[in-house]
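Student: output the structure for:
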Amino acid sequence: MAEDKRLTTASGMPVDDDQNTVTAGPRGPALMQDVHLMEKLAHFNRERIPERVVHAKGAGAHGVFECTADMSKYTRAKFLSKAGKKTEVFVRFSTVGGEKGSADAARDPRGFAVKFYTEEGNYDMTGNNTPVFFIRDPLKFPDFIHTQKRDPATNAPNPDMFWDFLSLTPESIHQVTILFSDRGTPKSYRHMNGHSSHTFKWYNAKGEYCWVKYHFKTGQGIQNLTREEATRMAGENPDHATRDLHDAIERRQYPAWRVCVQIMPPQAAKTYRWNIFDITKVWPHADYPLIEIGRMVLNRNPANYFAEVEQSAFSPGNFVPGIASSPDKMLQARIVSYHDAHLYRLGPNYQLLPINAPRACKAGNYQRDGYMRLDDNGGGGPNYWPNSMGGPAPDPAVAEPPIDLEGHAARHPQELTDDDFFQAGELYRRVMTDTDREHLVGNIVAHLGNAQKRIQLRQTALFFKADADYGRRVAAGLGLDVKEVQRLAAMSQAERVKATSA
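Tutor: So this is what the prediction gives:
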């Protein structure tokens, strides 16, 4: 038998029989000395690594990003320095709240994570298919996710948990309006946009900086499922989006996105009508139009799902020179939390896995040892800095420019104002069509109708604050007293909570 066709143990020992356990006599018992059996069972017991706490169900593909405009005026990032410059990418799409076996058609935001394998290291853009999010303070995140998952008593989804939290978190109204429109159930991963949601800092070689948001505009056109179509798809083909992405690439119908940014000068941010670091708000395109910077095409499927999709790890803290964080506290918490999640799920050397390792440059640092060290562990080189042994050294030239910070170190409550309802109202009034509004109200009524009446009243009052017609139509669908909804909408949030408490 050719050696490359011979079955072996993980240590390379040839296996003589993979169907019959070593036993004492033909009837057994089995003997512990059967090292092949012990190894096979032990590995099998460990084949399932912990699933992601969020974004557990996903699909991915390889591709290329081509820069179409020289952006060196704004950023020193080399992969954006010249039109025509190409960079390998790996993209993972996902649902957010469901488990690994959940349906692709679930009403949920979709993760849109892009890893750029640049010559200066890996740059990760970890976004969603929505330009905003439910909350703007990271202290609320674990609680929010708990309410979107399973009731601790029944182990089933609980509409009361879902809507109780959202109605007590009014800044969620913009994202809730998007989620319960048909945009909450994309037809496939190919037929949706991607957004950074967060604001990021770009800086150039002169030390000048600006604020940016990313937008990936699908070349396939936006297509969504209705509530009824999504429900049917979840039962008939729960992996429909995963299959669709794979099959489209196999057919060489390579999905593509136009990559754009919005750019805001730092001086404008100080007087802009909204806090630009509030992830529940967008920058209207009329104020800051989209600027095209490139095109992304996905043209290669993973050879092995586990190795390339399940083990892929993205972090908003993976920057390259020219791109940096902003004061957005949600972003800052994610920078810490994502890396920590990967350490828990994949181990301390997850960045050495082929899918996560830099490709266009070599990593050089003093991190050593730990589980699953996949390289030579630094060989005989120094494992400390500073050293005089010729080891890698910091480069002051790549430092980002400073920004001014001021204020007292404290827990600053975020004041709820009419601004928190304005953008949701504009979306309902000016962006949505009559059909969009009809589907939105129907989707909300179908879900919110399963919650307690007091929670229905509290949440519907928030819809009324965004737009009176919005609130009246939801109230009518739920059979609520519109005058009572209007009365609650006129209250402060504290008064409204008190009036609708159990």
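Student: now the strands for the protein?
Tutor: 58-67, 86-95, 110-118, 121-128, 194-195, 200-203, 209-218, 256-264, 291-300, 323-324 (DSSP state E).
Student: residues near the closest residue to P321 other than its chain neighbours, how many?
Tutor: Using Cβ to Cβ, 6 or more residues apart in numbering and skipping the chain neighbours, the partner closest in space to P321 is V398 (4.1 Å). Just so you know, the C-beta spots here come from the backbone N, C-alpha and C atoms, and that holds for glycine as well. Neighbours of V398 under the rule other Cβ atoms under 10 Å: 11.
Student: same check on S492?
Tutor: 9.
Student: relative to R6, how far out is it?
Tutor: According to Cβ to Cβ, to the nearest Å, S492 stands 74 Å off from R6.
Student: so where do the helices sit in the stretch 151-300 of the chain?
Tutor: Along the stretch 151-300 of the chain, counting by DSSP state H, counting those that start in this stretch, helices occupy 159-167, 173-179, 227-236, 240-250, 266-269.
Student: check those helices for me and report the most buried one.
Tutor: When those are scored by mean count of other Cβ atoms under 10 Å, the highest mean neighbour count falls to helix 173-179 (a mean of 24).
Student: walk me through the domains of the protein.
Tutor: Here the domain parsing of the chain from automatic domain parsing is 58-134+186-352, 135-168+417-502.
Student: could these go into a markdown table alongside mean pLDDT and distance to S388?
Tutor: Below are those laid out as a markdown table (pLDDT from 0 to 100; distance: least, Cβ to Cβ, whole Å):
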| stretch | mean pLDDT | distance to S388 |
| --- | --- | --- |
| domain 58-134+186-352 | 97 | 25 |
| domain 135-168+417-502 | 97 | 42 |
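Student: in JSON lines: these, plus distance to D17.
Tutor: What follows is the domains of the chain, written out as JSON lines (distance: least, Cβ to Cβ, whole Å):
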{"stretch": "domain 58-134+186-352", "distance to D17": "27"}
{"stretch": "domain 135-168+417-502", "distance to D17": "43"}
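Student: and those domains: which comes nearest G391?
Tutor: Checking those against G391 by Cβ to Cβ gives domain 58-134+186-352 as the closest, at 17.7 Å.
Student: ends of the closest one, how far apart?
Tutor: One end of domain 58-134+186-352 to the other measures 21 Å (Cα to Cα, to the nearest Å).
Student: how far out from the middle of the chain is it?
Tutor: Centroid separation for domain 58-134+186-352 versus its chain: 8 Å, with Cα atoms, centre = their mean, to the nearest Å.
Student: likewise for stretch 141-158?
Tutor: 19 Å.
Student: CA atoms only: put that stretch into CSV for me.
Tutor: Extracted C-alpha coordinates of stretch 141-158, given in CSV (Å, rounded to 0.1, in the frame of the first residue of the first chain):
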residue,chain,number,x,y,z
PHE,A,141,-24.8,43.6,26.1
PRO,A,142,-24.8,40.3,28.1
ASP,A,143,-28.3,41.2,29.4
PHE,A,144,-29.6,42.0,25.9
ILE,A,145,-28.2,38.7,24.5
HIS,A,146,-29.8,36.7,27.4
THR,A,147,-33.2,38.1,26.5
GLN,A,148,-32.8,37.0,22.8
LYS,A,149,-31.9,33.5,23.7
ARG,A,150,-33.7,31.0,26.0
ASP,A,151,-35.7,31.4,29.2
PRO,A,152,-33.7,30.0,32.1
ALA,A,153,-36.7,28.1,33.4
THR,A,154,-38.4,26.8,30.3
ASN,A,155,-35.3,26.7,27.9
ALA,A,156,-37.5,28.1,25.2
PRO,A,157,-37.6,31.6,23.6
ASN,A,158,-39.8,34.0,25.7
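Student: what sits up against that stretch?
Tutor: 53-54, 96-97, 134-135, 161-162, 164-166, 169, 330, 333 (Cβ atoms under 8 Å, 6 or more residues apart in numbering).
Student: just the closest of those to M372, please.
Tutor: Among the contacts of stretch 141-158, and counting by Cβ to Cβ, the member closest to M372 is V53, at 21.0 Å.
Student: that closest one and Q148, how far apart?
Tutor: Taken as Cβ to Cβ, the span from V53 to Q148 is 11 Å.
Student: which one of those two has more residues nearby?
Tutor: Q148 (17 against 13).
Student: picking up where we left off before, of all the domains of the chain, which one is nearest L31?
Tutor: domain 58-134+186-352 (31.5 Å).
Student: hey, where'd the helices end up in the stretch 401-502 of the chain?
Tutor: Taking DSSP H, counting those that start in this stretch as the criterion, the stretch 401-502 of the chain carries its helices at 419-426, 434-448, 453-466, 468-478, 482-489, 493-499.
Student: how about JSON lines for the ones you listed, with distance to A30 and mean neighbour count added?
Tutor: JSON lines is the format used below for the helices of the stretch 401-502 of the chain (distance: least, Cβ to Cβ, whole Å; neighbours: other Cβ atoms under 10 Å):
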{"stretch": "helix 419-426", "distance to A30": "64", "mean neighbour count": "20"}
{"stretch": "helix 434-448", "distance to A30": "52", "mean neighbour count": "18"}
{"stretch": "helix 453-466", "distance to A30": "57", "mean neighbour count": "25"}
{"stretch": "helix 468-478", "distance to A30": "62", "mean neighbour count": "20"}
{"stretch": "helix 482-489", "distance to A30": "68", "mean neighbour count": "18"}
{"stretch": "helix 493-499", "distance to A30": "62", "mean neighbour count": "14"}
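Student: CSV for the ones you listed, including distance to T231?
Tutor: Shown next, in CSV, are those (distance: least, Cβ to Cβ, whole Å):
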stretch, distance to T231
helix 419-426, 25
helix 434-448, 10
helix 453-466, 21
helix 468-478, 18
helix 482-489, 28
helix 493-499, 32
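Student: of the ones you listed, which is nearest H62?
Tutor: Using Cβ to Cβ, the nearest of the helices of the stretch 401-502 of the chain to H62 is helix 434-448, at 34.5 Å.
Student: list the contacts of that closest one.
Tutor: Against helix 434-448 from outside (Cβ under 8 Å, 6+ apart): 107, 159, 162-163, 177, 180-182, 184, 226-227, 428, 432, 455-456, 459-460, 463, 470, 473-474, 477-478.
Student: can you check stretch 303-319 too?
Tutor: 49, 58-60, 62, 90, 92, 113-115, 121-126, 198, 302, 325, 331, 334-336, 338-339, 342, 345-346, 350-351, 353-356.
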